[in-house]
Every structure is written in C-alpha cells, then in structure tokens.
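1. after the sequence you'll find the predicted model.
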Amino acid sequence: MLEKQWWHGKTAYQIYPKSFCDSNGDGIGDLQGIIRKLDYLKGLGIDIVWLSPIYVSPLADQGYDIADYYNIDPRFGTMDDMDQLLAEAKKRDMYILMDLVVNHCSDEHEWFLKACEDPDGRYGKFFYIKTVKEGDPLPCNWRSYFGGPVWEKLPGHDDKYYLHVFHKKQPDLNWENPELREEIYKMINWWLDKGLAGFRIDAIINIKKALPFKNYPEDRDDGLSSIHNMLHEAQGVGEFLGEMRDRCFKPHNAFTVGEVFNEKAEDLPDFIGNDGYFSSMFDFAETIFGSNPGGWHKNLDITPDDYRNCVFATQRKIDDIGFISNIIENHDEPRGVSRYIPEGEADDTSKKLLATMYFLVKGLPWIYQGQEIGMENVKLTSIEEVDDISSLDSYKVALAEGVSKEAALHAVEKYGRDNARTPFQWNAGENAGFTTGTPWLKVNPNFHRINLATQQNDPGSVYNYYRSLIALRKNPDYYDTLVYGDFTPYLPEMHNVMAYLRTNRESGQQILVIGNYQKAPQTLPLPGDFSDVLLNNLDGIQIAGRQITLSGYQAVVLLKQ
Ligand code: TEU
Ligand code: CA
C-alpha cells in the first residue's frame with residue numbers, strides 16, 4: 001500500500017536556467033533571473049522546482065558535463081545567488097531540486113586532469129581507462145548516445161582510452177570503485193546540508209555497466225551497437241542506488257526523481273516503492289514511443305490513440321507500486337504540443353486537452369518551462385541554427401544514410417532538443433523579454449503570438465487553464481480522488497477518445513476526465529450521471545442524459561452525482 005508523502009499533491013516545474021530569464025543582459029539565463037520569477041511560479045501554483053545543471057561546466061553538453069560539483073558556473077551566477085534562491089524559495093513554501101549528474105563528469109574536472117597525469121593512480125581509477133595496443137580493437141563496440149564509439153584516447157597517452165557513453169567531454173565515472181562513490185556521496189550530502197529539497201537524478205541507469213566489456217550485435221553500418229543492448233544485460237545497479245539512498249537521500253528525507261530509461265518492470269518496487277531508491281521516476285513511455293535505433297529520421301509518429309495507450313500502460317504498470325512523475329516534455333524532448341497533437345491541429349483548445357489528459361492521471365505532474373503558455377517547436381531553415389549535440393549527430397547519421405538534407409533537417413525539427421531550449425517567451429517585446437542582450441539561442445519567432453504577457457490576463461488562455469488545472473488538483477473537495485483515487489481507463493478502445501475515471505475508494509467520489517482527441521465532434525456514452533462540470537476547455541457543454549457530445553479537442557472533467 002502506497003504510503004502518503006508531503007509531495008504527492010504538489011505541482012513540479014523544470015527550469016532550464018540558460019533559457020529561463022537573463023538578469024544581466026549577457027544573453028544567458030541566470031539565478032538572479034530565476035529569483036525574479038519565483039512569484040510568477042508561485043502564482044501559477046508551483047511548489048517544487050528542478051533546476052537543470054548550473055555547476056561549473058564548459059557546457060559541452062549544456063552543463064551536463066560538470067567540472068566542479070561544489071561551485072556555480074559564473075555564467076549562471078554565484079553561490080551567494082544560489083543561497084539567496086534557496087532562502088527566497090523557502091519563504092514561499094517552494095522546494096528547490098538540483099540536477100545530480102554522476103554517471104560522468106567533465107573532462108575538465110580536476111579528477112580527470114589528474115587521471116590523465118597518472119592513469120594508474122587514485123584518480124585514474126575514478127574512470128574506465130583501458131590500455132589498447134596499436135592495431136588492437138577497442139574494448140567494446142558500444143555506440144555513444146551522441147554517436148561514435150564510447151572510447152576516446154586519454155589525452156597524453158597513445159595507448160590508453162577512456163570510456164564515455166555520452167559525449168567525449170563526459171568521461172564516465174567508475175561506480176565500481178568505492179573511493180569514487182564516497183566522493184559522490186560526500187558531494188550529495190554537502191548540497192543536501194545546504195538546504196536543497198533533493199535532486200533530479202540524471203541518466204542514472206548508466207552507472208552500472210555489463211562487465212567485462214564486450215561487443216554486442218552491430219545495429220548500424222558503423223560497426224557499433226546501441227548502448228541499450230548493453231544496458232539490457234547490466235545487473236546490479238540497485239546495489240549502488242540503494243547505497244546512495246541509505247548514505248544520502250534517506251538521512252536527509254530528500255525528494256528524488258530518477259531519469260530512468262531501460263528499467264526492468266520487476267524492479268519498479270525497488271526503484272519507487274515505499275522504500276525505493278528514489279521518491280519517484282519519470283514516465284518516458286510516450287517519449288520513447290516510435291523511436292528507432294537507426295536514427296530520428298526513422299522514428300514513427302505517435303497518434304492520439306498511441307499516446308493514450310502509452311499513458312494507460314504506464315498507469316497500469318505503476319498502479320499502487322509508487323508515484324510516477326508525469327510530463328509531456330523536458331529539456332531533451334520536443335515540445336509536447338508539437339509532438340502529441342496531430343500536425344497543424346495544435347491550438348489553444350487542443351493544447352488544453354493535452355494538458356488535462358496528462359495532468360489528472362495518477363502521479364506527480366511536472367510542467368516544463370514554457371509548456372504552461374503552449375510554447376511550440378521551432379522551425380529551422382538550416383542545421384547551422386542548431387546547438388544541440390544530439391541533433392547534430394542525428395543529422396549526420398541521416399545524411400550518411402543518404403537521407404536528403406531537407407528530410408534530415410525535418411527530423412531535427414521534430415525531435416531536436418533545441419525545441420525545448422529556445423528562450424522562455426515572457427512578452428512580445430525584444431527577445432520575448434528573455435534578455436536585453438543577444439540570446440544564446442534564437443528566440444522562437446512565434447513569440448509575438450505565444451507569450452506570457454498576452455495570456456496572463458486572458459481567462460481563456462492556455463496559461464490560465466494550467467492555473468485552473470493545478471488549482472483543481474489541489475482543491476480539498478477533490479484532492480483525495482485526484483491525488484490518490486484509483487485510475488480506470490474509460491472507452492480505451494474508442495478511436496481519438498482519451499478518457500479515464502478517478503475513483504475515491506473510501507468516499508466513493510468519482511471523477512471522469514474525458515477528451516475528444518480530434519477536430520470532428522464525437523458523441524459518447526457517459527458511465528453514469530456525470531453532470532457536474534469541474535473543468536471545461538471550451539465554453540458550453542452538451543450533456544443529454546447519459547450522452548455527451550464533445551466538440552473538436554474538447555476536454556471536460558465531470559463529477560459524478
Ligand atoms: O539524458 C539521458 C539520456 O537518456 C539521453 O541520452 C537522452 O535520451 C538524449 O539526450 C535524448 O537525445 C540526460 C540529460 O537529460 C541530457 O540532457 C544529457 O545530455 C544526458 O543525460 C547526459 O548527461
Ligand atoms: Ca545572464
């Protein structure tokens with residue numbers, strides 16, 4: 001039985017600091033910019049805030065390559081700014097999470113620099129460093145998430161290579177080494193002692209490799225094999241995760257949310273159960289749907305029925321094991337309204353339908369910066385406009401397969417990470433109010449149409465609809481049903497319908513969330529007398545007895561009498 005936690009009824013928000021708000025005109029978002037916007041977030045109804053990395057970094061992977069875990073990168077501000085943010089958040093009953101990136105560090109971290117000086121010394125053992133004689137094959141044929149082999153020559157050594165499952169500037173930390181783990185736990189505890197509420201935990205399933213290193217079947221003609229083939233065989237990550245929980249998270253009662261791909265279903269109770277390694281983990285079922293190991297250009301589109309089936313499958317899989325974290329987007333993904341609404345049909349109504357559908361299922365709802373105003377993917381005219389290393393690799397892979405430049409660029413438009421990293425669109429002024437300088441990444445030209453200022457005082461805006469959704473889920477009259485109620489799919493086979501019931505077993509209260517996930521209206525049967533409308537993304541509703549007629553992309557939340 002799921003034990004109730006303080007955070008279950010909260011709403012969480014992800015900030016990508018570099019693109020959120022620039023306070024000093026250098027074109028880069030920063031901590032003082034975030035502090036300025038805390039009241040905005042509080043007004044939206046946000047309680048928990050995850051900051052993507054702001055530690056010292058060369059930004060080879062936009063901060064997910066950390067060169068000093070104990071200091072803030074000057075581009076984002078100072079440790080005083082961080083302390084001020086923690087204090088200001090506390091005043092507002094808000095909780096700050098940082099990003100814990102410990103599968104790897106930066107090749108500019110002092111540990112790695114010392115490893116290069118002495119590969120066989122203490123710090124050499126913090127990494128996976130192998131001697132490879134001239135002409136011998138690399139220790140394994142795994143492909144990096146960002147393309148190419150996972151082995152790179154150790155700087156200064158012709159016969160030594162180091163492992164990096166991500167970018168070559170992100171050397172993997174060797175979690176098999178207890179001395180390394182001790183350094184990580186010390187750092188985590190240092191941050192938790194400072195008053196952090198917890199962490200989002202980056203790419204954490206990668207810390208346990210299937211060893212000894214071996215090749216897996218080649219799945220592209222580059223002679224390499226997807227890293228997922230190795231992860232599928234890796235055993236025992238729980239040993240490290242349990243140790244980290246017991247040494248760090250549990251003693252601080254920290255809130256933690258794992259970025260876990262490739263988890264095994266039987267491990268879910270260990271991951272997010274009452275005494276799990278993490279408080280929660282993200283649902284990525286919708287995110288990975290249709291993805292093809294051959295590259296983005298081969299990905300399958302996700303239809304409304306596919307989306308519904310993914311959400312429902314996760315609800316069924318998680319059931320009462322733990323509290324899943326629900327998203328429609330993040331800093332690694334395209335904008336949800338551009339992905340989960342059929343091409344050309346994303347408008348305020350359909351954006352609100354999508355918001356309703358993901359927000360009221362069981363679990364912790366997360367909003368990614370800009371999602372609350374309906375920010376969309378950005379159109380590209382050339383690959384030169386793209387910053388994201390994952391996109392640049394995908395483009396290269398597509399071209400190498402003979403895909404046209406247009407088609408390769410279109411795949412980057414659809415799946416590229418820059419879609420979520422263009423500056424927050426605060427208003428229709430210069431640079432959408434993000435900066436008085438030159439933004440580090442181009443503002444989406446649609447900011448004249450989509451920006452907070454035009455929505456804040458419009459009761460019919462996407463922004464105010466999100467405020468209503470958040471308020472509904474926190475409403476004491478419905479809290480127990482929407483936060484803890486049973487989840488039951490409704491009309492799960494009906495084309496372009498997404499509907500489910502939330503039932504409070506104790507009180508018997510029942511809430512129906514039902515959406516017509518297409519342009520054409522649909523008349524649907526109701527599972528009882530649901531005539532009390534708690535939320536409606538359109539004006540007006542047509543209920544006749546046990547029948548409801550929903551207009552195009554209409555979503556309603558109904559209370560059973
Ligand atoms: O992402 C982990 C991860 O699984 C990535 O491979 C993700 O699927 C990919 O970026 C999608 O193109 C985390 C962070 O969220 C991501 O921003 C970092 O690039 C990555 O780890 C390395 O730290
Ligand atoms: Ca700045």
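-> That came through fine. Ligands and ions are numbered 1, 2, ... in the order given.

2. same question for residue 96, what's its three-state structure.
-> Secondary structure state of residue 96, per DSSP: H, G, I helix; E, B strand; the rest coil, is strand.

3. do you know the pLDDT at the residue nearest to it when sequence neighbours are not counted?
-> Excluding the flanking residues, the one nearest residue 96 by C-beta to C-beta, 6 or more residues apart in numbering is residue 89, at 5.0 Å. The way it works is simple: take the backbone N, C-alpha and C, and place the C-beta from them, glycine included. pLDDT, the model's per-residue confidence, is 98 for residue 89.

4. can you show me the helices along the stretch 351-500 of the chain?
-> Secondary structure of the stretch 351-500 of the chain (DSSP state H, counting those that start in this stretch): helices located at 389-400, 405-415, 452-456, 462-474, 479.

5. I'd like the next helix or strand past the fourth one.
-> Spelled out, it's helix 462-474. Next along the chain after helix 462-474, taking DSSP states H and E as the criterion, comes helix 479.

6. ok now that following helix, how far from the chain's centre?
-> Between the centre of helix 479 and the centre of its chain there are 25 Å (C-alpha atoms, centre = their mean, to the nearest Å).

7. okay, now the residue in the chain that ligand 1 sits nearest to: neighbour count?
-> Closest approach between the chain and ligand 1, counting by C-beta to the nearest ligand atom: residue 64, at 3.3 Å. By the criterion of other C-beta atoms under 10 Å, residue 64 has 23 neighbours.

8. that one in helix, strand or coil?
-> coil.

9. excluding chain neighbours, what is closest to the residue nearest to the spatial centre of the chain?
-> By C-alpha atoms, centre = their mean, the chain has its centre lying nearest to residue 330, at 3.8 Å. Distance criterion C-beta to C-beta, 6+ apart; nearest residue to residue 330, sequence neighbours excluded, is residue 368 at 5.2 Å.

10. wait, the residue nearest to the centre of the chain touches residue 14, no?
-> Yes. Under the criterion of C-beta atoms under 8 Å, residue 330 makes contact with residue 14 at 5.9 Å.

11. could you measure the residue of the stretch 201-350 of the chain found nearest ligand 2 against residue 488, distance?
-> Minimum separation of the stretch 201-350 of the chain from ligand 2 (C-beta to the ion) falls at residue 331, amounting to 17.7 Å. Separation of residue 331 from residue 488 (C-beta to C-beta, to the nearest Å): 33 Å.

12. same question, residue 543
-> In terms of C-beta to C-beta, residue 543 sits 20 Å off from residue 488.

13. is the residue nearest to residue 96 in a helix, a strand, or coil?
-> helix.

14. what is the burial count for it?
-> 22.

15. just residue 114 next, same as before
-> Count around residue 114 with other C-beta under 10 Å applied: 15.

16. surely residue 88 meets residue 35?
-> Yes. Using C-beta under 8 Å, residue 88 is in contact with residue 35, at 5.5 Å.

17. hang on, the earlier thing: distance of the residue of the chain closest to ligand 1 relative to residue 497?
-> From residue 64 to residue 497 the distance is 39 Å (C-beta to C-beta).

18. what of residue 220?
-> 38 Å.

19. same check on residue 239?
-> 44 Å.

20. more crowded one of those two?
-> residue 497 (20 against 11).

21. ok now do the closest residue in space to that one that isn't next to it in sequence, which residues does it touch?
-> Distances taken as C-beta to C-beta, 6+ apart put residue 491 closest to residue 497, at 5.1 Å, once the chain neighbours are dropped. If a contact means C-beta atoms under 8 Å, 6 or more residues apart in numbering, then residue 491 has 497, 499, 514, 524-525 as its contacts.

22. neighbours around residue 179, how many?
-> 11.

23. now name the helix or strand holding it.
-> Using DSSP H and E, residue 179 falls in helix 178-193.

24. which SS class is residue 49?
-> Applying three-state DSSP: residue 49 is strand.

25. and it, bridged to which residues?
-> Assessed by DSSP bridges, residue 49 has beta-bridge partners residue 13, residue 96.

26. which parts of the protein belong to which domain?
-> 12-103+178-383+447-462, 110-163, 486-560 (automatic domain parsing).

27. ranking those domains by burial, who's on top?
-> domain 12-103+178-383+447-462 (a mean of 19; mean count of other C-beta atoms under 10 Å).

28. near ligand 1, which residues of this structure? Just list them.
-> 61, 64, 101, 145, 166, 202-203, 259, 261, 331-332, 390, 417 (C-beta under 6 Å from any ligand atom).

29. circling back to that earlier point, can I get the domains of the chain in a markdown table including distance to residue 6?
-> Shown next, in a markdown table, are the domains of the chain (distance: least, C-beta to C-beta, whole Å):
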| stretch | distance to residue 6 |
| --- | --- |
| domain 12-103+178-383+447-462 | 8 |
| domain 110-163 | 34 |
| domain 486-560 | 20 |
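
30. those domains: which one's closest to residue 439?
-> Between residue 439 and those, the shortest gap by C-beta to C-beta is with domain 12-103+178-383+447-462, which sits at 5.0 Å.

31. start to end distance for the closest one?
-> 17 Å (C-alpha to C-alpha, to the nearest Å).

32. just how off-centre is that domain within its chain?
-> The answer for domain 12-103+178-383+447-462 is 3 Å, by C-alpha atoms, centre = their mean.

33. re earlier: which two of the residues of the chain next to ligand 1 have the greatest separation?
-> 61 and 261 (16.6 Å).

34. strands along the stretch 151-300 of the chain, start to end?
-> 151-153, 160-163, 198-201, 225-226, 255-258, 280-281 (DSSP state E, counting those that start in this stretch).

35. got a markdown table for the ones you listed, with mean pLDDT too?
-> Listed next are the strands of the stretch 151-300 of the chain as a markdown table, based on pLDDT from 0 to 100:
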| stretch | mean pLDDT |
| --- | --- |
| strand 151-153 | 98 |
| strand 160-163 | 98 |
| strand 198-201 | 98 |
| strand 225-226 | 96 |
| strand 255-258 | 98 |
| strand 280-281 | 98 |
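
36. export those as CSV, with columns for distance to residue 428.
-> Listed next are the strands of the stretch 151-300 of the chain as CSV, based on distance: least, C-beta to C-beta, whole Å:
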stretch, distance to residue 428
strand 151-153, 45
strand 160-163, 48
strand 198-201, 32
strand 225-226, 44
strand 255-258, 34
strand 280-281, 37
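
37. next, the contact list for the residue of the chain closest to ligand 1, please.
-> So residue 64 contacts 52-53, 57, 99, 101, 166, 170, 202 (C-beta under 8 Å, 6+ apart).

38. can you redo the helices of the stretch 351-500 of the chain as CSV with distance to residue 556 and mean pLDDT?
-> What follows is the helices of the stretch 351-500 of the chain, written out as CSV (distance: least, C-beta to C-beta, whole Å; pLDDT from 0 to 100):
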stretch, distance to residue 556, mean pLDDT
helix 389-400, 38, 97
helix 405-415, 30, 98
helix 452-456, 21, 98
helix 462-474, 12, 98
helix 479, 20, 98
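
39. for residue 432, find the nearest of these.
-> Of the helices of the stretch 351-500 of the chain, nearest to residue 432 by C-beta to C-beta is helix 452-456, at 9.0 Å.
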